[in-house]
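In: Here is my input; please provide its structure:
(one chain, ligands or ions: 3)
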Amino acid sequence: MAVAIRQNSRSFGLFAALIFLSVACPLFYRLYWGWEDDEVGTSLSPQEVPPAPALAPPVPEAPAAEKHIPEPSKSSALSSSSSSSLQVSETLPATTSAAPAASSAAPATPSPSSPQSSSTPVPSQLSVEIVVASTKRENTSWVHEYLPDWSHKVYVVDDPNHPLTVPLNKGREAMVFLTYLIDYYDRLPDVAVFMHAGRYQWHNDDPNYDAVPTLRRLNATYVRDVGYANLRCVWLIGCPAELHPYEDELAPPPRPPGYPADKPPPLPVRPDGKPLTTHQIFRQAFSELLPEREVPRVVAVSCCSQFAVSREAVHQRPRGDYVRFRQWLISTHYADDLSGRVLEYIWHIIFGREAVHCPKAEDCYCNLWGLCDLKCTQDQCEGRYKFPPSAAMPKGWPRIGFEGEERNYTEPFPLTP
Ligand SMILES: *[C@@H]1O[C@H](CO)[C@@H](O)[C@H](O)[C@H]1NC(C)=O
Ligand SMILES: *[C@@H]1O[C@H](CO)[C@@H](O)[C@H](O)[C@H]1NC(C)=O
Ligand SMILES: *[C@@H]1O[C@H](CO)[C@@H](O)[C@H](O)[C@H]1NC(C)=O
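Out: Ligands and ions are numbered 1, 2, ... in the order given. Next comes the predicted model:
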């Protein structure tokens, strides 16, 4: 965008910027903030997702009525009193490893795959484990069927009797990912891959929105070498500059007298009464989660909270950090969608990447999946990801398209009986 503007006259630049702001941003925001039905969490409801509007009216964010510097937060989440749920979960590893249903292989055991299991280009001497955040109603059997060489940790957040569950169903997939990091901190595979439950979902960077190719082709060696990789290369939503924490902030109100020092600060209130956005609370949330770090001016990473990390990247932090992040999730007053999405924009920073992590699409596709020599702009590549017409995949997908048409689909990794 910036390049295009500079190449043209000043007035056209202004015009283009106006068009961009009034059209692209509201649309993207609408798409993004509207499309959350498939996330894990208590607020999850099986509601119909409306198709993305071609042009949504601009949704100006109300500016903060009064900006002020928030009190230093002194890691309020750390000392929060609700530690009982945490203790419950800290007994999880023993329980889960004893339970037969927990999963196929022990995480630290190298995967039993033979090098000649040919349809995967992934060098299988690395152990890879997939961590899935799911709810009871979701069918996750594809994880076992299509990733037989990996070990699996499929969490079910809304089934307290499931061997892999969470201490509290709050904060969507973030609660699962943190619970895994805490419980398996000492038994991590070489590479852990964090995913949502659906095989076909708009989050997946694949022409069929299919998770399987993004996993089967994943170059685990690359992930091990770089520490963290987002599993989405396209920049649609999240890159190149999603959050401006200082400009976007709606500061929390001052704590009333007698407000407990160890409680999360009171929530800011939008003058227009609408729900808070992640942008508005990000500065405060970041300072609570990573109090030792200055809040970045800009934060960007491709969306959707699906990523792969190496054991080394996880171990750059003590286990206690992940316990503290989860405690924040447990005690925060933010709604699920907000707290989960704060983590969505912090994982890459937690695992050692720059606050703005937007590798060129071309490099990303090549490094992650060996899809090299694609025709690309910096933010997307031909023949790869496009926004689907609606967040919900149509019935019969991927064989039946969004218009009910036959797509002549062939399974990229057919199962061998
Ligand atoms: C779950 O999905 C698999 C395909 O991965 C399918 O074979 C199976 O029938 C599904 N189970 C249910 C209960 O729908
Ligand atoms: C996987 O990544 C490693 C490290 O970047 C690289 O050396 C190797 O060639 C890649 N393998 C494939 C099959 O692309
Ligand atoms: C699918 O195959 C049918 C029959 O061969 C053909 O008529 C149709 O155009 C194909 N559709 C697509 C989307 O390629």
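
In: Could you tell me whether Val269 really is in a helix?
Out: No. Per DSSP: H, G, I helix; E, B strand; the rest coil, Val269 lies outside any helix segment and is coil.

In: ok, now which ones touch the nearest residue to it once chain neighbours are set aside?
Out: Nearest residue to Val269, sequence neighbours excluded (Cβ to Cβ, 6 or more residues apart in numbering): Pro253, at 7.2 Å. In this view, the C-beta of every residue, glycine as well, is placed from N, C-alpha and C. Residues near Pro253 by Cβ atoms under 8 Å, 6 or more residues apart in numbering: 266, 268-269.

In: Quickly find the element holding the closest residue to ligand 3 within the chain.
Out: Nearest residue of the chain to ligand 3, counting by Cβ to the nearest ligand atom: Asn408, 3.8 Å away. Following DSSP states H and E, one finds Asn408 outside all helices and strands.

In: Please report the distance of it from Tyr228.
Out: Look at Asn408 and Tyr228: by Cβ to Cβ, to the nearest Å, they are 37 Å apart.

In: Neighbour count: those two, which is higher?
Out: Shown here are Asn408 and Tyr228; by other Cβ atoms under 10 Å, Tyr228 has more neighbours (21 against 7).

In: circling back to that earlier point, restrict the contacts of Pro253 to those near ligand 2?
Out: Filtering the contacts of Pro253 for neighbours of ligand 2 using Cβ under 6 Å from any ligand atom leaves an empty set.

In: By neighbour count, which of these wins?
Out: Neighbour max across the contacts of Pro253 (other Cβ under 10 Å) = Pro268, 18 neighbours.

In: With adjacent residues omitted, what lies nearest to it?
Out: Leu250 (4.3 Å).

In: pLDDT below threshold where in the stretch 51-200 of the chain?
Out: 51-124 (pLDDT under 70).

In: Show me what from the stretch 51-200 of the chain comes close to ligand 1.
Out: 139, 141-142, 145.

In: Which of those residues are buried, as a PyMOL select command?
Out: Filtering those down to the buried ones (16 or more other Cβ atoms under 10 Å) takes a single PyMOL command:
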select buried, resi 142
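
In: His357 bridge partners, please.
Out: Beta-bridge partners for His357, by DSSP bridges, are Val301.

In: tell me the pLDDT at it?
Out: Listed pLDDT for His357 reads 98.

In: Trp150: what's it in contact with?
Out: Here Trp150 is in contact with 111, 128-130, 193, 215 (Cβ under 8 Å, 6+ apart).

In: In helices only, show me those.
Out: The members of those that map onto helices under DSSP state H are Leu215.

In: Would you mind listing what in the stretch 251-400 of the chain touches ligand 2?
Out: Residues of the stretch 251-400 of the chain lying near ligand 2 (Cβ under 6 Å from any ligand atom): Gly370.

In: quick one, strands of the stretch 101-250 of the chain?
Out: Under the criterion DSSP state E, counting those that start in this stretch, the stretch 101-250 of the chain contains strands at 128-134, 151-156, 191-196, 228-230.

In: Compile those into TSV and extend it with columns for distance to ligand 2.
Out: Shown next, in TSV, are the strands of the stretch 101-250 of the chain (distance: least, Cβ to the nearest ligand atom, whole Å):
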stretch	distance to ligand 2
strand 128-134	13
strand 151-156	21
strand 191-196	12
strand 228-230	10
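
In: hang on, the earlier thing: now, which of the contacts of Pro253 sits nearest ligand 1?
Out: Once Cβ to the nearest ligand atom is applied, the member of the contacts of Pro253 that ends up nearest ligand 1 is Pro268, at 42.7 Å.

In: Touching, that closest one and Lys274? I think so.
Out: No. The pair Pro268 / Lys274 is not scored as a contact, 11.9 Å apart, by Cβ atoms under 8 Å.

In: For the most centrally placed residue in the chain, give me its contacts.
Out: For the chain, the residue nearest the mean C-alpha position is Ser305 (0.9 Å; Cα atoms, centre = their mean). Going by Cβ under 8 Å, 6+ apart, Ser305 touches 173-174, 177, 194, 196, 203, 340-341, 343-344, 347.

In: you'd agree Glu249 is up against Thr278?
Out: No. Glu249 is beyond contact range of Thr278, at 11.3 Å (criterion: Cβ under 8 Å).

In: Can you name the residue of the stretch 251-400 of the chain that approaches ligand 2 most closely?
Out: For the stretch 251-400 of the chain, Cβ to the nearest ligand atom, closest residue to ligand 2: Gly370, 4.0 Å.

In: Give the buried residues for stretch 143-154.
Out: Residues 143, 146-154 are the ones in stretch 143-154 that count as buried (16+ other Cβ under 10 Å).
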